[in-house]
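Undergrad: Curious how this folds, go ahead:
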Amino acid sequence: MRKLITLCILTLMIATPSLASPIVPVKFKTSNGVDVLFHQAMEAPMLDIKLAFAAGSAYDGAQFGLSMLTTELLNQGNNGETATEIADQLADTGAQYQANGTRNMVALNFRTLTEPKALHAATAVFRKIITQPDFKISAFKREKNQQLLNIEHSLESPNEIANQTFFKLLYKDHPYAHPVMGTTDSIKEIKLEDVKRFYSTFFVDGNATLVLVGAIDKNQAKSIAEKLTKDLPRGPKAPRVSPAKALSKNMEADVPFPSSQTAIRLGELGISHHNKDYFPLVVGNYILGGGTLVSQLAIEVREKRGLTYGITSQFLPLPAIGPFIINLSTKASQSDAAIKLIRDILAQFVKQGPTDKELTAAKQYLTGSFPLSLSSNSNIARMLLQIQFYKLPEDYLDTYVNNINNVSTTDIKKAFQQNVWTDKMLLVTVGKS
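TA: Residues are numbered from 1 along each chain as shown. Okay, the predicted model is just below:
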């Protein structure tokens, strides 16, 4: 308990990295070929570790939810020890473990003190979680039932139904189409052997990316990386997911739901991380709907007309092309007016672009808030993982501010006209007809 309290206190004490000290990670490979990025950060005696696999829900195949179920089982019994014993061992060292699954990746996140005894014990537990899951039938049944409950609970939310419907209709038969959690029918059909097969196929050395950020030196980083990954199953990198295809015309879907609010989603296919217009679209989207209270959508739809409590737009970059999506909720009686207004604002923005004043304000916010994205070891590790996993330029962090500042109003107008097609959009509404 004392170590756990110490870890919580130190978490709050991590200093914000100085922009005068650029983040230049050390790159190396383990003996079995796992790519590793290491950044030394001595501000606090802690180490953040992120181990990712190209094993997200896009690799479920027809067994929707298999990736998430496998991920949730990783720490539910390891090397003959129960889930409770594993949790107690983590608590004794003050370490924290969390797993996250998305459409593209599974990220295993670990934080520990760097005091030698605690570091050794904690990383030994993490190694067991990564490389020695028992996949006991009792744990499988328990986690399977929990996932079914989570799915049932998600379907009580009109916003979640809107999100799921949007992805299903936009991506059709593409691997991005189904919910990350899967469906009730798909989860019921998954067997323990399917989980074991998925683990041995995707949680392998050739499919892994490892990031370490914290108060250790390079030799320690190499030793820890080797210790954690040397017993991973052997296997190749997962195949790339084929790019999705855009809609050929406007499409609408209305899902009846007994709610006082109507959830609205309007969008289309957007971009990958490597789109040539990435930065003009990022800056432009902040002006359109990314700035929560200061965007055009927020001002016109929320502030001036009171049609919603909140409205945002977003480009979600994904390797196989992620969506551009506008989302909000409004009273059912106001939904038609809100939708028309949103379409008009978007069409005008695509046609005219932003003003110089809007661009200046957006640049100030995006460059001024950038240091906050590197405000802790965990944030640095997350950013480095994105860079390595998605194969972003190695100088991405060093050039980010310049890339934002170099964007012009003309760039934004051109980028939106080449990437946003107002006559090929999907509209989803969930609520009372």
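Undergrad: Go ahead and confirm Val428 touches Phe257.
TA: No: look at Val428 against Phe257 with CB atoms under 8 Å: they stay out of range, at 11.4 Å. (C-beta placed from N, C-alpha, C; glycine too.)
Undergrad: what residues are shared contacts of the two?
TA: Residues within reach of Val428 and of Phe257 at once, by CB atoms under 8 Å, 6 or more residues apart in numbering, are Ala263.
Undergrad: Neighbour count: these two, which is higher?
TA: The neighbour comparison of Val428 against Phe257 (other CB atoms under 10 Å) goes to Val428, with 26 against 20.
Undergrad: Give me the three-state assignment for the more buried one.
TA: Here Val428 is strand, with the state taken from DSSP: H, G, I helix; E, B strand; the rest coil.
Undergrad: Show me what the closest residue to it other than its chain neighbours bridges to in the sheet.
TA: For Val428, ignoring the flanking residues on the chain, the nearest one in space by CB to CB, 6 or more residues apart in numbering is Arg265 at 4.3 Å. Counting by DSSP bridges, Arg265 is bridged to Asn327, Val428.
Undergrad: Around Arg265, how many other residues sit close by?
TA: Counted with other CB under 10 Å, residues neighbouring Arg265 total 23.
Undergrad: Identify the residues contacting stretch 147-154?
TA: Outside of stretch 147-154, the residues within contact range by CB under 8 Å, 6+ apart are 65, 68-69, 72, 160, 164, 179, 181-184, 187-188.
Undergrad: Give the buried residues for that stretch.
TA: 147-148, 150-151 (16 or more other CB atoms under 10 Å).
Undergrad: Out of the contacts of stretch 147-154, list just those in strands.
TA: When strands are assigned by DSSP state E, not one member of those lies inside them.
Undergrad: Can you select the buried ones among those for me in ChimeraX?
TA: Buried members of the contacts of stretch 147-154, defined by 16+ other CB under 10 Å, are picked up in ChimeraX with:
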select :65,68,69,72,160,164,179,181,182,183,187
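Undergrad: I'd like the contacts of stretch 147-154 written out as JSON lines, with pLDDT added.
TA: What follows is the contacts of stretch 147-154, written out as JSON lines (pLDDT from 0 to 100):
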{"residue": "Gly65", "pLDDT": "98"}
{"residue": "Met68", "pLDDT": "98"}
{"residue": "Leu69", "pLDDT": "98"}
{"residue": "Glu72", "pLDDT": "98"}
{"residue": "Glu160", "pLDDT": "97"}
{"residue": "Gln164", "pLDDT": "98"}
{"residue": "Pro179", "pLDDT": "98"}
{"residue": "Met181", "pLDDT": "98"}
{"residue": "Gly182", "pLDDT": "98"}
{"residue": "Thr183", "pLDDT": "98"}
{"residue": "Thr184", "pLDDT": "98"}
{"residue": "Ile187", "pLDDT": "98"}
{"residue": "Lys188", "pLDDT": "98"}
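Undergrad: quick one: which of the contacts of stretch 147-154 is nearest Leu232?
TA: Distance to Leu232, by CB to CB, is smallest for Glu72 among the contacts of stretch 147-154, at 18.8 Å.
Undergrad: In contact with that closest one, which residues?
TA: Going by CB under 8 Å, 6+ apart, Glu72 touches 99, 143, 146-147.
Undergrad: hmm, 6 Å instead?
TA: Glu143 (CB atoms under 6 Å, 6 or more residues apart in numbering).
Undergrad: Secondary structure element holding Leu359?
TA: Using DSSP states H and E, Leu359 sits in helix 356-369.
Undergrad: meant to ask about Leu90
TA: Leu90 belongs to helix 83-93 when elements are defined using DSSP H and E.
Undergrad: Phi first, then psi, for Ala124.
TA: Dihedral pair for Ala124: phi -70, psi -40, per degrees, to the nearest 10.
Undergrad: Give me the distance between it and Glu81.
TA: Distance, Ala124 to Glu81, using CB to CB, to the nearest Å: 12 Å.
Undergrad: So which bits of the helix holding Leu90 are buried?
TA: Applying 16+ other CB under 10 Å to helix 83-93 flags 83, 86, 89-90, 93 as buried.
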